[in-house]
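Colleague: Next come a sequence and a model predicted from it.
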Amino acid sequence: MDTTIDGLRLHYEQEGQGSDLVLIHGLGGSLQEWDSFMPELSRTHRVLRWDVRGFGQSDKPAGPYTPQLFARDLAGLVRTLGIAKTHVAGISMGGVIAQRFALDYPELLSSLTLISTSSEVSEAARAAWEKTATIIEQRGFSSNTEAAQRVFAPSFAKSSPHAIQAMAERTAANDPRAYAAAARAIGSYNWTAELGRIQAPTLILQGREDVLTPPGGSVKLSRGIPRARLLMIPDCGHVVPVEKPLLFQQTLLAFLAGVDFSRA
């Protein structure tokens, strides 16, 4: 399904019954990232998945993009669909958007789940993101799988080459200019000092072997958000739902059930 928010066409899917839950994909992804979890999640939640601007079947306008802009898109979508309050879960870039949504639109938030993300970007990481964005803008995507391999824990990468290939192919299918604009958006921000304003119950999931967003970022999140709980996952890299699907699904559902029960 499609809808228009402030002149921008956003593609989304909504299914299931129960309390509302928004899922936000990572850089280079789309709402299809969550396909395998929909049978279970939609049993107890009305799940909204969407393609962030620049990705999937949503519009891909020229940049610059910002986390605030992504969060505003989501707030517009949520309000357009008549959702009064919702759980929000985001991975990587999706976690950046989810944090900004929590900070800018707290009245719309029931709970927050942050996966493989952080509240700030170091100077070294900013330079690396800018370099990556410039290369992709100028040359497009590389055909090798080296970048995709770094996303996963070494043990998973060794045992699941098909997952590496699939991620490389998904990334290469993106629009280079939109991808670069999004990479710059999530490559330069710092709102650690604002985290204390997030009052919603928060679950933080972090792979111990994550080299893209190292565990220290999740520790800062857990210390800065008053009602946060942090789960460090051994032998797991950046893409927790892919590497540890059962753990991810059961932990998320248990967390959401606890929040819903406490408010019943």
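Modeller: That came in fine, so what should we check first?
Colleague: what bits of this structure have low per-residue confidence?
Modeller: 264 (pLDDT under 70).
Colleague: Show me which parts of stretch 9-27 are buried, residue by residue.
Modeller: By neighbour count with 16 or more other Cβ atoms under 10 Å, stretch 9-27 contains the buried residues 10-14, 16, 19-27. (Glycine included, C-beta is placed from N, CA and C.)
Colleague: And stretch 149-162, by the same measure?
Modeller: 149, 151-153, 156-157.
Colleague: One more: stretch 245-253?
Modeller: Quick answer for stretch 245-253 (16+ other Cβ under 10 Å): 248-249, 251-253.
Colleague: Just the residues contacting it, thanks.
Modeller: Identification of contacts with stretch 245-253 by Cβ atoms under 8 Å, 6 or more residues apart in numbering yields 36-37, 40-41, 44, 89, 113, 115, 203, 205, 231, 233, 240-241.
Colleague: Mind checking which of those land in helices?
Modeller: 40-41, 44, 240-241 (DSSP state H).
Colleague: So among those residues, which ones count as buried?
Modeller: Neighbour-count burial (16+ other Cβ under 10 Å) applied to the ones in helices among the contacts of stretch 245-253 gives 41, 44, 240-241.
Colleague: Which residues does the strand or helix carrying Ala182 contact?
Modeller: Using DSSP states H and E, Ala182 maps to helix 176-185. By Cβ under 8 Å, 6+ apart, the surrounding residues in contact with helix 176-185 are 27-28, 52-55, 60-67, 69-70, 93, 129-130, 132-134, 136-137, 140-141, 171.
Colleague: so of those, which ones are in helices?
Modeller: Those of the contacts of helix 176-185 mapping onto helices are 67, 69-70, 93, 129-130, 132-134, 136-137, 171, per DSSP H.
Colleague: The residue nearest to Leu231 when sequence neighbours are not counted - how many residues pack around it?
Modeller: Nearest residue to Leu231, sequence neighbours excluded (Cβ to Cβ, 6 or more residues apart in numbering): Leu205, at 5.4 Å. When counting by other Cβ atoms under 10 Å, one arrives at 27 neighbours for Leu205.
Colleague: and Ser42, how many neighbours does it have?
Modeller: 16.
Colleague: Distance of it relative to Leu23?
Modeller: Plainly put, Ser42 is 11 Å away from Leu23 if you go by Cβ to Cβ, to the nearest Å.
Colleague: Touching both of the two, which residues are there?
Modeller: In contact with both Ser42 and Leu23: no residue, using Cβ under 8 Å, 6+ apart.
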